[in-house]
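**Student:** Provided below are the primary sequence and the corresponding predicted coordinates.
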Amino acid sequence: MAVESRVTQEEIKKEPEKPIDRERTCPLLLRVFTTNNGRHHRMDEFTRGNVPASELQIYTWMDATLKELTSLVKVFPEARKKGTHFSFATGPEDSLTLQSQKFQIGDYLDIAITPPNRAAQLHMRMRPY
């Protein structure tokens, strides 16, 4: 079963982001699920109240960028290595924020972590020769 976003990139670009005063605004709880194999979790892993075991709970704000969230995910030893690749289901841009991606409190974030040695192996397999 595929889940498709109804929010278009044009709609995302139209709304200007409201600045958030982090001193006065209470942070939200963001439930992040990670994998170490470079692939995202399947949607059926989140059905009927079940969630994957690799949960990381982060308190953050709606104006948090993907790059900022990446630095918080580095509590995992495998995520600290130089050359590690982080894949967000939303897209590759580090400057995207939760707010710009229409994130709602209660949504989950799935991050596929590819360690540097695994990324090199994937590149070698994908060569046509």
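**Tutor:** Happy to help now that I have it.
**Student:** mind showing which ranges of the protein have poor pLDDT?
**Tutor:** Along the chain, the model assigns pLDDT under 70 to residues 1-16, 90-92, 118-129.
**Student:** switch the cut-off to 90
**Tutor:** 1-19, 33-55, 70-96, 100-102, 108, 110-129 (pLDDT under 90).
**Student:** what ranges do the helices span in it?
**Tutor:** Using DSSP state H, the helices of the chain run over 9-14, 66-73, 116-125.
**Student:** Could you give the number of residues near residue 64?
**Tutor:** Neighbourhood size, residue 64 [other C-beta atoms under 10 Å]: 22. C-beta here means a position set from N, CA and C on the backbone, and glycine is covered the same way.
**Student:** Tell me the spacing between the residue nearest to it when sequence neighbours are not counted and residue 72.
**Tutor:** Sequence neighbours aside, residue 98 is the residue nearest to residue 64 in space, at 5.6 Å (criterion: C-beta to C-beta, 6 or more residues apart in numbering). Per C-beta to C-beta, to the nearest Å, residue 98 is found 12 Å from residue 72.
**Student:** next one: residue 20
**Tutor:** For residue 20, the distance to residue 72 (C-beta to C-beta) stands at 17 Å.
**Student:** picking that back up, of residue 98 and residue 72, which one has the most company?
**Tutor:** Taking neighbours as other C-beta under 10 Å, residue 98 and residue 72 compare with residue 98 leading, 23 against 15.
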